[in-house]
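**Q** build me a structure from this.
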Amino acid sequence: MYLTLLKRLRETLAGHIREKYGAELSVVLERPPKLEMGEAASPVCFELAKRLKKAPRQIAQEIASSLPKIEGIARVEVAGAGYLNAFFDRAWFWEAARKEASGPSAALRASERKKVIVEHTSINPNKAAHVGHLRNAVLGDTMVRLLRHTGNDVAVQNYIDNTGVQVADVVIAFQQMEKKSLAEVMTLAAQRNFDYLCWDLYAKATQFFEEDKVRAGKLRGETLKAIEAGEGETAEMATVIADAVVGFHLRTMARLDIYYELLARESEILHLHFWDAAFEKLKASGAIQLATSGKNAGCWVMPWGNEVKEVKEVEEVKEKSGLSEVSTPDEEGQAKIIVRSNGTVTYVGKDIAYQLWKFGLLGKDFHYRKWPNPPNAKELWATTASSNEAGAPHFGGAEAVYNVIDARQAYLQEVVAEGLRGLGHAKEAENSIHFDYEIVALTPRCAAEMGYELSAEDAKRPYVEVSGRKGFGVKANDLITRMLAAAEARVLQKHAEMAGAELKQTANALAVGALRFFLLKVTRNTVIAFDFEDALSAEGETGPYCQYAIVRIRGIRRKGAEVAGTRHEPSVESLKKIMEGPESNTIWEVLLASGSLDYAVDAAIGAQEPAFVSKYAFQLAQAFNNFYHKHHILSEPDEEKRAFLLGLTEIVERQLVKALSLLGIEAPEKM
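**A** Residues are numbered from 1 along each chain as shown. This is a model prediction of the structure:
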């Protein structure tokens, strides 16, 4: 509702200024720091003063005295040297907030809705998922929920790099180190914790390769070639490993209520010749050029006129992200290598082809089959090189694409967008959104709890980085299981009688809520140092704190239902007295916060920052708790005021439940 009033105010001010002064201005609105200053303020008169050569305050006074009546806004006053401060009609806002809380979410106008692809999770299918992968998945899933909340048509995709060097390394580990046959690997892949076995093997393979880099290069080259060709026992083993590990990843993410619609596999990008089609387009447009001299001789390169990343920075990306194919413009040509001199395409070349497909610009399409046994029987499709399975939906053809990939791959994403620009697709390049984020590390305390040995130096650091290559980190499944056990123990401390399905459901809501909120509460460009104790705390800015506010409200409602007598709705006079009385600020604060969910969602989508919604949920829970401690709701002697206070708690509950749902968090009945 807050956003609705801002739009009305902005449109009315812009129209009034156009009519009165003949000026077209973009009206900026800000939220004043204090309630006494109103609910919205605009500095538009300062900009208008430059054009009219008049004092901003004089213009503000002219506008305030002549502005037409705006529904939902009581008055507009002049403040300071020329601000226009708007004060909402509190009684009107009360009625509107009640309708908003009990009704469906406000959707975008048809003209504003988009077909959007959000690609997230995208874990290399060579080992178990770890806590860093959870941040990617939770961020992506939350963005999907926010975009769908406003009416966008959102497709959720998970890119599976099943032909990359990480899978090749595990294949080599099974063949060369463990001496396993294809049949033996197939048997292992059907067993529980196969992804954990691959985790350990990948770390061992890293050490194995470091012992002899010449051997490593030869083995990797031969294995990758076989996997990309898709023929022979090596390729079949890679498929068995990747598909099995993906199945474990899907089950892990389902524990956090995260699902997908399409698994886009890199093998089909190769086998269906997506890159060949993209290559021809890039050559024909001149977006890439064949280097005939210098270090890049024989390579197809993309001229790169922007600021160039330092080689050492890109090498750091390779080391930290596990990408063996990162390259960088050299001093000589300032060009990104897309095809090497030996004819093999780099990582980013395949990404350009895939991005073209996402926007429906490639001229080719995948074939699709249903993924067998998806978690919780959720329908899931995967790409295939064979013919389409009956009933396959249409994927691709998006108007905007969010690629949820960590910040260390920013350069590669820039190259992908530059490839689209080079092909003349400037709009699609602009709508290729790198939804980046920083790493998830562990606090030294958390690392010690997980059984890792830390040096004295590491124990003093603010956080300890994880490393999949070294086998150091918290596996996602272990983390979720540990959170569930801790949550169950906390529930039993207060509800010793709880058992069975109720205990399991309550503990799950608490654990998942704590974990998701912990990963969402800070902005994406902030490194997260994970800690069990901090995440599960019911105090401070945590998921359990927000959930407990809902539990408290539901307790009030249950007790309120037991109070004898009919509930009397407040009259207009009573409502005015409540809203303007000496205790009105705490009441208005929680009501205003309740009606501001639309504003938080709009800001989160606009800034691509889900943390705005988690901040909103926390502030609403905080505002309610302040209100609860100052107003004795059930013992209020005035029946109309008591009815109002109960009604206000119901609004808070509904809006807080909606906000947490957008974060993927369930509100339990008890805690």
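
**Q** can you map out the helices along the stretch 101-250 of the chain?
**A** Along the stretch 101-250 of the chain, counting by DSSP state H, counting those that start in this stretch, helices occupy 131-149, 165-172, 182-189, 194-211, 213-229, 232-254.

**Q** distance between the fifth one and the chain's centre?
**A** When you say that, I think you mean helix 213-229. Distance, stretch centre to chain centre, for helix 213-229: 35 Å (CA atoms, centre = their mean, to the nearest Å).

**Q** next, the angle helix 194-211 makes with it.
**A** On the basis of axes from the mean of the first three to the mean of the last three CA atoms, to 10 degrees, helix 213-229 is oriented at 140 degrees to helix 194-211.

**Q** buried ones in helix 213-229?
**A** Within helix 213-229, the residues that count as buried by 16 or more other CB atoms under 10 Å are 216, 219-220, 223-224, 226-228. The C-beta positions use only the backbone N, C-alpha and C, and glycine is treated the same way.

**Q** just put these in CSV and tack on pLDDT and distance to residue 45.
**A** Shown next, in CSV, are the buried residues of helix 213-229 (pLDDT from 0 to 100; distance: CB to CB, whole Å):
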residue, pLDDT, distance to residue 45
216, 85, 67
219, 90, 71
220, 89, 65
223, 92, 68
224, 90, 64
226, 91, 70
227, 92, 65
228, 87, 64
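
**Q** strands of the stretch 251-400 of the chain, residue ranges please.
**A** Listed in chain order, the strands of the stretch 251-400 of the chain (DSSP state E, counting those that start in this stretch) span 262-265, 289-290, 300-303, 335-339, 367-370, 381-384, 400-404.

**Q** mean pLDDT lowest where, among those?
**A** Ranked by mean pLDDT, the strands of the stretch 251-400 of the chain bottom out at strand 335-339, with a mean of 82.

**Q** and the pLDDT for residue 293?
**A** Residue 293 carries a pLDDT value of 86.

**Q** give me the low-pLDDT residue ranges for the stretch 501-650 of the chain?
**A** Across the stretch 501-650 of the chain, the ranges flagged by pLDDT under 70 are 538, 561-568.

**Q** got it, and the chain?
**A** Residues of the chain meeting the criterion pLDDT under 70: 104-111, 304-335, 466-473, 538, 561-568.

**Q** how does it look with 50?
**A** Along the chain, segments meeting pLDDT under 50 span 306-334, 564.

**Q** now, which of the buried residues of helix 213-229 sits nearest residue 134?
**A** residue 227 (27.6 Å; CB to CB).

**Q** nearest to residue 112, of the buried residues of helix 213-229?
**A** When the buried residues of helix 213-229 are compared for distance to residue 112 (CB to CB), residue 228 wins out at 42.2 Å.

**Q** now the angle from the helix or strand containing residue 502 to helix 131-149?
**A** Assigned by DSSP states H and E, residue 502 falls within helix 500-520. Taking the same axes, to 10 degrees, one finds helix 500-520 and helix 131-149 inclined to each other by 90 degrees.

**Q** report the distance from helix 500-520 to the chain centre.
**A** The chain centre lies 19 Å from the centre of helix 500-520; the measure is CA atoms, centre = their mean.

**Q** what lines up beside whatever helix or strand comes next after that helix in the sheet?
**A** Following helix 500-520 in sequence order, the next helix or strand is strand 528-530 (DSSP H and E). Taking DSSP bridges as the criterion, strand 528-530 forms sheet pairs with strand 440-442 (parallel).

**Q** who's in contact with the partner strand?
**A** By CB atoms under 8 Å, 6 or more residues apart in numbering, the residues outside strand 440-442 that reach it are 131-132, 134-135, 450, 463-466, 473-474, 519, 527-531.

**Q** mind giving me the PyMOL select for those, buried ones only?
**A** Here is the PyMOL command that selects the buried residues among the contacts of strand 440-442 (16+ other CB under 10 Å):
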select buried, resi 131+132+134+135+450+463+464+465+466+473+474+519+528+529+530+531
